[in-house]
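>>> A predicted structure for the sequence below; I have some questions about it.
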Amino acid sequence: MIYPDRATTVTLGCVLGGAAILAVLNQLTPAASAVHVPGFAVSLVGKYLCYAILALAIDLVWGYAGILTLGHAAFFALGGYAMGMYLMREIGARGVYGNPTLPDFMVFLGWKHLPWYWHGFSHFGFALTMVVLVPGVLAAVFGWFAFRSRVSGVYLSIITQALTYALMLAFFRNEMGFGGNNGMTDFKDILGVPLGRDSASVGLMLVTAVVLSAAFLLARAITGSRFGKVLVAVRDAEARTRFLGYRPESYKLTVWVISAMLAGLGGALYVPQVGIINPSEFAPANSIEAVIWVAVGGRGTLAGAILGAVLVNLGKTWLTSALPEIWLFAMGGLFILVTVFLPRGILGLFAARRSSTAPERESAAAESAAAETVVREVTG
Amino acid sequence: MPGGGKGWRRWRLPLRAVMLGAVLSLMLAMSGPARAGSDPFSDMASTNFDMVARGVSALAVSGSPRAAPVIDALRDSRLFAWRWPRPDSPLYIRTAKGFVDARTGAPVAAPPPVNVRLVIVNDSVRSAIAAAEGALDLTSPKKKVRLDAAEELYQSAEAGALPLIEQALARERDPAVAGMLREAHAAALLKSSSGSVSARLAAVHQVAARADLSTRSLLESLQGQPPPVAAAIQEAIREIDRRLQLWGVLENVYYGISLGAVLLLAAAGLAITFGVMGVINMAHGEMVMIGAYTTFVVQQLIAASAPALTDLGLLFAVPAAFLVAGMLGVVIERTLIRFLYGRPLETLLATWGLSLILQQAVRSIFGPTNQDVSSPPWMSGAVSLGGLTLTVNRLWIIVFAALVLGALMGVLRWGGLGRSIRAVMQNRRMAAVMGIRTPLIDALTFGLGSGIAGIAGVALSQIDNVSPNLGQNYIIDSFMVVVLGGVGNLWGTVFGAMSLGVVDKLVEPFAGAVLGKILVLVLLILFIQRRPRGLFPLKGRVVEA
């Protein structure tokens, strides 16, 4: 089912090859060497790769199913929180208060017992299950409600934004038992490997690269399959697809849940690499920013999502340290330039001659016109 | 006033009430063994501070028309007494024109300076003066002053004040003041040891009718009452609690309506751009923010050029904010939005980018800190309505929101521009055929929506921090309002704003602010499932456009 075309080879080569080279440069060169890559840079790249997983998840729903999500950072953060809970339990009695079961913030709040939903998170396997299960279940419930009642387009975008906003407010509460405002931090180790050392950073970065590659292959498999073709049909003419006998809501729901799980996985890898998770990860602005990564790279191309996430975040890292005043101007300008002048992103520039599955302005217009006609006929 | 400022004024009333009560009890105590032949004026001529204080208190309740000028003179260090004891104890007031006799007010020849001395005051005399002024207020010709004095008497509820209240009641003609005095009388009676059971029962009913917190604490403080009275008091307290609860709910509804008015202002412009044009403008909040900054700039300009108009600055800010935000809106439509018609998702992203740019631009120009926008005096304070305390600025915002909405509806229904807007919205091609320049109307519609957002900014500058992030706080709520109300229907927007505001504030007391917000969002998400197109969806061919 997976066609080893050039885009796939190049993408996998860049991700895995780049990660391997970084790892070698960090581990096998002396610290004084000119080609030595410091540990923080490795972590930074690892962070970008996590973002790339998120971008891939968004591209899957936005690029192929036409669902513009403004709340995917919620799934990312939920995955991150699940991993954060495991990392908190790993601290054990090494916290400031030295309590073997309760994390520091619970001791600080005067809690006596571990809340029931914290049980099990001391096992890595359980935490890993939760990393995909929690975002998946939330997405399934939310999506089932939303798609079943045919909430679509801008309305769906707005309620996804409301979803992440509500979650942000909820996680800010101390009573939730997730560390409130401060979130979770001061992690010590993961699977017994102490965090903060170069070796841990390299290991996590390599794992992230592998997961990203796997996610990319999975996404290609999905979009290349019959299922993916129906998705594209739903994206381009939902009403028409429905009248052909398909159930668009099932297709949308399936890809929506898969995408949320991917995002959760990205968040889980993100937390040990940045060392903190707090409710600001749920901020609606984060979700919208992630959408623009996809738009910059090229919507509906998968490889473009990875490219966009890495490029935009490289730019962000550089600009926010070099010219912090300029960053928001640049970000805002990027949004406008890409949507107005580069609707198919950077990859669209290269692949202009290739008739791809990327959405086109004409097809979108035709879709709305067709839908309008259909509705007119239906509603009389 | 020494000390000046609001802090003092806030304490002035209760302080005076307490002192008044103290002085009145003092008078009661001394009324028995009063020395024969001593009138208040002679007491005030004494060199003994306690005697002077007693004289002041006695004079205040004597009902003498000379009380006010003499006590004023004493306070202002203009009262003179004979330096050596004399049986007639003369007292003089120094005025701008010379000396007058304190007892009669008739001008007298200036006494030889060596023979008179200033009547000096100490703390106990000063508090006697303050209390006396309170009692004097009961005889003031001004109704408001008498009313306040009666209220003070009620609050202090001193048994010693009974004769004073009865005296005042006897001469009081104004029904409102008399009513207040009767309540004060009832309170004082309940506190005193005199009075029959039936009189006490009547008094309990009298004060219970007020149903406020101070009455509740008064009733709770009553001890050792006869059993029937005690039972009546318990019943009255329960009744007051019920009423207070009701007022609490009403107060929350008021807060909800005022929040709804704020949401309505923020969402009305969005109802135009999103509802009528189908353009999803994520930079709408920034238009609100720019309106608020325009208010700030207008206030600065007025303060610099015409300080006399400072209090009216807001009136100038409204058109200014409309023009600034409206013109910016037209520019945005011409340079950005028009390339994105028919692509709502792309519009969303591009306008989000625009909002980032506008935020950063304002931050670069004005700095990241909050700007200080002042409120004119006619917008501060609070009014009481029954058991409700309504803050005036919130009240103004409700009025303002209604005015803006009315104007907007008027323009859309009867204005030439409004007619064109509706024509283009209903059938773009047909409108074009009829000679309407649809691109121009698009630009003006977007300008109108943005201008309304700017006006909302003027209102928000009065209740929120004017910072570059101002708009961010309202954008999600505004979209919720429009989505809830249904697209393209201003009445739907009103309903959406009001129900969001009221539900938010009603849920808040028992769920907390944050949880209330979450609950409202969840309810809304569930609601959209049932009514994906809002409460008042448009019917017909514009639905899918």
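Perfect, I can see it now. Numbering: from 1, shown residues only, chains lettered A, B, ... in the order given.
>>> find the residue closest to the residue in the stretch 351-500 of chain B positioned nearest to chain A in space, skipping its chain neighbours.
Across the stretch 351-500 of chain B, no residue is closer to chain A than residue B:353, which sits at 2.3 Å (CB to the nearest CB). Where you see a C-beta, it was placed from the backbone N, CA and C, and this is true even at glycine. In this structure, residue B:353 finds its nearest non-sequential neighbour in residue A:335, 2.3 Å apart by CB to CB, 6 or more residues apart in numbering or on different chains.
>>> isn't that neighbour right up against residue B:350?
Yes: with contact defined as CB atoms under 8 Å, residue A:335 reaches residue B:350; the gap is 5.8 Å.
>>> distance of the closest residue to chain B within the stretch 201-350 of chain A from residue B:478?
Using CB to the nearest CB, residue A:335 is the residue of the stretch 201-350 of chain A that sits closest to chain B, at 2.3 Å. According to CB to CB, to the nearest Å, residue A:335 and residue B:478 sit 20 Å apart.
>>> what residue ranges in the chain score low on pLDDT?
Let's take chain A. Within chain A, the ranges that satisfy pLDDT under 70 run A:1-4, A:351-380.
>>> was after chain B, sorry
B:1-38, B:63, B:158-161, B:386-387, B:487-488, B:529, B:532-545.
>>> in terms of helices and strands, where is the residue nearest to the spatial centre of chain A?
Most central in chain A under CA atoms, centre = their mean is residue A:54, positioned 1.7 Å from the mean C-alpha point. Using DSSP states H and E, residue A:54 sits within helix A:39-58.
>>> helix or strand for residue A:127, which one?
Counting by DSSP H and E, the element that carries residue A:127 is helix A:124-148.
>>> so the helix or strand just after that helix versus helix A:124-148, what angle?
Next along the chain after helix A:124-148, taking DSSP H and E as the criterion, comes helix A:153-172. Orientation check (axes from the mean of the first three to the mean of the last three CA atoms, to 10 degrees): helix A:153-172 against helix A:124-148 gives 140 degrees.
>>> how far does helix A:153-172 sit from its chain's centre?
With CA atoms, centre = their mean, to the nearest Å as the basis, helix A:153-172 stands 16 Å off its chain's centre.
>>> now do stretch B:41-50
Using CA atoms, centre = their mean, the offset of stretch B:41-50 from its chain centre is 45 Å.
>>> can you give me the buried ones in it?
B:41-46 (16 or more other CB atoms under 10 Å in any protein chain shown).
>>> one more: stretch A:174-186?
For stretch A:174-186, burial by neighbour count (16+ other CB under 10 Å) applies to A:177-180, A:183-185.
>>> among the residues you listed, name the ones in strands.
Mapping the buried residues of stretch A:174-186 onto strands (DSSP state E) picks out A:184-185.
>>> closest to chain B among the buried residues of stretch A:174-186?
Nearest to chain B among the buried residues of stretch A:174-186, counting by CB to the nearest CB, is residue A:180 at 10.6 Å.
>>> show me what contacts the closest one?
Counting by CB atoms under 8 Å, 6 or more residues apart in numbering or on different chains, residue A:180 makes contact with A:105, A:171-174, A:279.
>>> up against chain A, what does the stretch 351-500 of chain B have?
When proximity is defined as CB under 8 Å from any CB of the partner chain, the stretch 351-500 of chain B approaches chain A at B:352-361, B:363-364, B:476, B:479-480, B:483.
>>> count of neighbours near residue B:519?
17 (other CB atoms under 10 Å in any protein chain shown).
>>> that's a helix at it, yeah?
Yes: counting by DSSP: H, G, I helix; E, B strand; the rest coil, residue B:519 is located in a helix.
>>> in which helix or strand does the nearest residue in space to it that is not next to it in sequence reside?
Once flanking residues are discounted, residue B:519 sits nearest to residue B:507: 5.5 Å by CB to CB, 6+ apart. If you go by DSSP H and E, residue B:507 is part of helix B:490-511.
>>> report the buried residues of that helix.
By 16+ other CB under 10 Å, the buried positions in helix B:490-511 come out as B:490, B:492-508.
>>> can you check stretch B:460-477 too?
B:460-464, B:466-468, B:470-477.
>>> now, the most widely separated pair of the residues you listed?
Greatest spatial distance among these (CB to CB): B:462 and B:476, at 21.6 Å.
>>> hmm, the longest helix along chain B touching chain A?
Counting residues, the longest helix in chain B under DSSP state H turns out to be helix B:227-270. No: judged by CB under 8 Å from any CB, helix B:227-270 makes no contact with chain A; its nearest approach is 11.1 Å.
>>> for that helix, name the packing helices and strands.
For helix B:227-270, the packing partners by 3 or more CB pairs under 8 Å, 6 or more residues apart in numbering or on different chains; DSSP states H and E come out as helix B:197-208, helix B:213-221, helix B:284-305, strand B:388-391, helix B:392-414, helix B:438-463, helix B:472-485, helix B:490-511.
>>> now it and helix B:392-414, what's the angle there?
Using the same axes, to 10 degrees: helix B:227-270 against helix B:392-414 is 40 degrees.
>>> what angle do helix B:227-270 and helix B:197-208 make?
10 degrees.
>>> show me what contacts residue A:233?
Contacts of residue A:233 by CB under 8 Å, 6+ apart are A:240-241, A:244, A:246.
>>> now residue B:340: how far from chain A?
7 Å (CB to the nearest CB, to the nearest Å).
>>> so which helix or strand takes in the residue nearest to that residue when sequence neighbours are not counted?
Nearest residue to residue B:340, sequence neighbours excluded (CB to CB, 6+ apart): residue B:347, at 4.4 Å. Counting by DSSP H and E, the element that carries residue B:347 is helix B:344-366.
>>> show me what counts as buried in that helix.
B:344-363, B:366.
>>> and for stretch B:412-422?
B:412, B:418, B:420-422.
>>> from these, which ones fall inside helices?
B:412, B:418, B:420-422.
>>> please report phi then psi for residue B:373.
Dihedral pair for residue B:373: phi -100, psi 120, per degrees, to the nearest 10.
>>> number of residues surrounding it?
22.
>>> for residue 60, what are its contacts?
Chain wasn't specified; assuming chain A. Counted by CB under 8 Å, 6+ apart, residue A:60 has contacts A:219, A:222-223, A:255, A:258-259, A:262, A:302.
>>> ah, I was thinking of chain B
B:23, B:67, B:71, B:131-133, B:135-136.
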